[in-house]
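Asks: Provided below are the primary sequence and the corresponding predicted coordinates.
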Amino acid sequence: MNLIIQGKQMDLGDALRTHVTTKTEEINQKYFNHATDATIVFSQEGHGHGQVKVRISIRVGKDIMVMADSLEPDSYVAFDTAAEKVAKQLRRYKNRLRDHHRRLEQMSENQIMKARDYILADGLDSEDEVQKSDESVPQGKDPVVVAEMTTDIQTMSVSEAVMRMDLAADTALLFRNASHNGLNMIYRRSDGNIGWVDPVGNDDELNQAQSA
């Protein structure tokens, strides 16, 4: 497993790096043992930098990320808290992750849709702000694209999609529903439940494809 430990404007020290390395390897061996890479980032937060934020990102399979954050006054406590969140997620999905990993290995290319992933800058709040903004900032109704990358939209069941969204601590996930091969979206609602969008017509397209 390729492990990257970073400190943003803070010195981590050898003892903390050793602690992070040992515990991350233990989590990988205990719960999955398929992690290809992991990144742990420490940063100082809060007024006067009284808090330490830790973000853990572990790739445990093809396009499967496990992520967790923690904010504590102490670097060790912050890491241990985030690490326990990761371990809890892996315990919860351990058996399903093994099945999911085997299925991904057998997945054909036509079950994966290529797409563009854009990150858009926040729009300005008012016309006054637009007028006061620098002339170099693009104007108009279209948002500013600050990053562009390629991504894969994979075919999976709804339960698998929920698992992957939960592991990555994401708020939404676009996927192709394995039951009819149509595009679906799941998202985390403000009440904590999961929303599921299945466009009308997906079943009709499946029936037409099967009868053709």
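Replies: Done, it's in. Nothing here was measured: the structure is a model prediction, and the numbers come from that model.

Asks: what separation do you get for the residue sitting nearest the centre point of the chain and Gly13?
Replies: Centroid-nearest residue in the chain: Ala168, 3.4 Å away (criterion: C-alpha atoms, centre = their mean). In this view, Ala168 and Gly13 are 29 Å apart by C-beta to C-beta, to the nearest Å. The way it works is simple: take the backbone N, C-alpha and C, and place the C-beta from them, glycine included.

Asks: so where does Gln89 fall, helix or strand?
Replies: In the assignment (DSSP states H and E), Gln89 maps to helix 75-106.

Asks: flag every buried residue along the helix or strand that that helix is followed by.
Replies: Downstream of helix 75-106, the next assigned helix or strand under DSSP H and E is strand 112-120. Buried positions in strand 112-120, judged by neighbour count with 16 or more other C-beta atoms under 10 Å: Ile112.

Asks: again with stretch 47-65
Replies: Gln51, Val52, Lys53, Val54, Arg55, Ile56, Ser57, Ile58, Arg59, Val60, Gly61, Ile64.

Asks: and the two most separated of these?
Replies: Greatest spatial distance among these (C-beta to C-beta): Gln51 and Gly61, at 32.2 Å.

Asks: quick one, domains of the chain?
Replies: The chain breaks down into these domains under automatic domain parsing: 2-106, 109-211.

Asks: quick one: mean pLDDT for the longest one?
Replies: Translated: domain 2-106. When pLDDT is averaged along domain 2-106, the result is 88.

Asks: please name the bridge partners of the closest residue to Ala82 other than its chain neighbours.
Replies: Nearest residue to Ala82 in three dimensions, chain neighbours excluded: Ser70, at 3.8 Å (C-beta to C-beta, 6 or more residues apart in numbering). Following DSSP bridges, Ser70 is listed with bridge partners Val54.
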